[in-house]
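Trainee: 3D model of this:
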Amino acid sequence: MSTSAHNAKLDDIAVERIERNHDNPRLYFRPRELETLQNSIAQHGIQVPINVYRKGNRFILIDGERRWRCALKLNLKTIPALVQDEPSRLTNVLLMFNIHALREQWDLLTIAVKLPRVIELLEQETGKYPTEGEIVSKTGLNRSVIRRSKLLIDLPERYLENLTDELHKPKPQQKLTEDFFIEMERALKTVERSMPSAVPDKDHARDIIISKYRSGVIKDIVDLRYLPKIAKAERVNVDPRDAEKSIKKVLSPNNYSIEQAYNETVSSAYSEKDLVQRIHSIADRLEELESQDIDDDVAAALKDLSGKISKILRGRR
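Mentor: A predicted model of the protein is given here:
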């Protein structure tokens, strides 16, 4: 990163001489959030200086666009600012990504939209496509954020428009959130890999899922995690033909939910698989114990468990 940030000088500069930074990844400024900040500034003033760089007779924002917007609305003449030298395009973008990594204020789509530009600039600087680790190191973002962002980047334009419309709303009013689209894309990618014939038209599948989620047929976004489990039915010894029919029914215009599909196909099988894993885990733990290490409560629980196991096994004879 550039050393110009270390040479920054604090000054009061004219609000009208400041311009927004076109490389700023932040896209959405919700009116209610700005109004709260504006009221605070009107009462207490700007407590934290904005960060800008000089470009000719103008100043370009690096950090503090919300404070600057509020200053404009309040007709403030000057604003406290840390002024630094003009950074390179790459440094300019990375500065803002690292600021975000510390504050976690941006919507994920904000990062997703700008991430290709960061990758492009890094590739120009180094002469090679950056690894995920290099992107993490340079931006201050973690791997999970980068991977989730890439799922949003790959969405067709009309779904990004849907998401953009939602992001302009206050958080409590958002229905088709970033998390919804991420869970949907993860689910459909897995179904495509495991059972491609179940999703002949991905956009149609997206539209059905969105419609069912809006209407309440799909009650929670976590229900989307059941789709990959259904698609992997063969792993738990469930007939994949039944699973495929169930997925196709889910991805059709009706009131059939993902939860219903899961319960009717693989729910019992996954429950049994989980039970087997728990039994093996308990057995391994018991092998590590000596009889003198077991207290009365554990001994009583084991005795009760032993009786239940004997009863179940007698029923199988």
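
Trainee: Identify all contacting residues around stretch 107-118.
Mentor: 23, 25-28, 90, 93-94, 97, 100, 135, 138-139, 141, 145-146, 148-150, 152-153, 160, 163-164, 167, 178, 182 (CB atoms under 8 Å, 6 or more residues apart in numbering). Just so you know, the C-beta spots here come from the backbone N, C-alpha and C atoms, and that holds for glycine as well.

Trainee: Give me the domain ranges for this structure.
Mentor: 4-149, 160-265, 270-315 (automatic domain parsing).

Trainee: count of neighbours near Thr177?
Mentor: 16 (other CB atoms under 10 Å).

Trainee: name the element Asp11 belongs to?
Mentor: With secondary structure defined by DSSP states H and E, Asp11 is part of strand 9-14.

Trainee: what comes into contact with that strand?
Mentor: 49, 52, 59, 77-84.

Trainee: and those residues, which of them are in strands?
Mentor: 52, 59, 78-84 (DSSP state E).

Trainee: what's near enough to touch Glu123?
Mentor: Contacts of Glu123 by CB under 8 Å, 6+ apart are 129-130.

Trainee: what about it, distance to Leu151?
Mentor: 21 Å (CB to CB, to the nearest Å).

Trainee: and Tyr256, what pLDDT?
Mentor: With respect to pLDDT, Tyr256 scores 97.

Trainee: Just give me the lowest mean pLDDT stretch among the domains of the chain.
Mentor: domain 270-315 (a mean of 76).

Trainee: Tell me the gap between that one and the middle of its chain.
Mentor: How far domain 270-315 lies from its chain's middle: 39 Å, per CA atoms, centre = their mean, to the nearest Å.

Trainee: And for stretch 63-79?
Mentor: When distances are taken as CA atoms, centre = their mean, stretch 63-79 is centred 30 Å away from the chain's centroid.

Trainee: Need the residues that contact it.
Mentor: 12-15, 18, 20-21, 24, 26, 29, 33-34, 37-38, 41-42, 46, 48-52, 61, 81, 95-96, 99.

Trainee: Swap in 6 Å and give it another go.
Mentor: 12, 14-15, 18, 20, 37-38, 41-42, 46, 50-51, 99 (CB atoms under 6 Å, 6 or more residues apart in numbering).

Trainee: now those in TSV, with neighbour count?
Mentor: Listed next are the contacts of stretch 63-79 as TSV, based on neighbours: other CB atoms under 10 Å:
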residue	neighbour count
Asp12	11
Ala14	11
Val15	18
Ile18	21
Arg20	12
Leu37	16
Gln38	19
Ile41	19
Ala42	12
Ile46	20
Ile50	23
Asn51	19
Ile99	18
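
Trainee: Show me where the stretch 51-200 of the chain has its strands.
Mentor: Secondary structure of the stretch 51-200 of the chain, counting by DSSP state E, counting those that start in this stretch: strands at 58-63, 78-84.

Trainee: For the first one, buried residues please.
Mentor: Read that as strand 58-63. With burial defined by 16 or more other CB atoms under 10 Å, the residues of strand 58-63 counted as buried are 59-63.

Trainee: So which of those is the closest to Leu227?
Mentor: Asp63 (40.7 Å; CB to CB).

Trainee: how close does that closest one get to Asp12?
Mentor: Counting by CB to CB, the gap from Asp63 to Asp12 is 17 Å.

Trainee: Need the buried ones from the contacts of strand 9-14 selected in PyMOL.
Mentor: Burial among the contacts of strand 9-14 is assessed by 16+ other CB under 10 Å; the matching PyMOL selection reads:
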select buried, resi 49+52+59+79+80+81+82+83+84
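
Trainee: Tell me which two of the contacts of strand 9-14 sit farthest apart.
Mentor: It's Lys77 and Gln84 that sit farthest apart of these, by CB to CB, at 22.2 Å.

Trainee: wait, Cys62 sits on Ile50?
Mentor: One thing to correct before we go on: residue 62 is Ile, not Cys. No - contact criterion CB atoms under 6 Å: Ile62 and Ile50 do not qualify, at 8.1 Å.

Trainee: hey, what's Ala51 bridged with?
Mentor: No Ala there; residue 51 is Asn. Asp63, Leu82 (DSSP bridges).

Trainee: Contacts only, for it.
Mentor: 62-64, 82.

Trainee: try it again with 7 Å
Mentor: 62-64, 81-82 (CB atoms under 7 Å, 6 or more residues apart in numbering).

Trainee: Now do the same contact list for Val15.
Mentor: 68, 71-72, 76-79.

Trainee: now stretch 171-188: how far from the chain's centre is it?
Mentor: The mean C-alpha position of stretch 171-188 is separated from the chain mean by 9 Å, CA atoms, centre = their mean.
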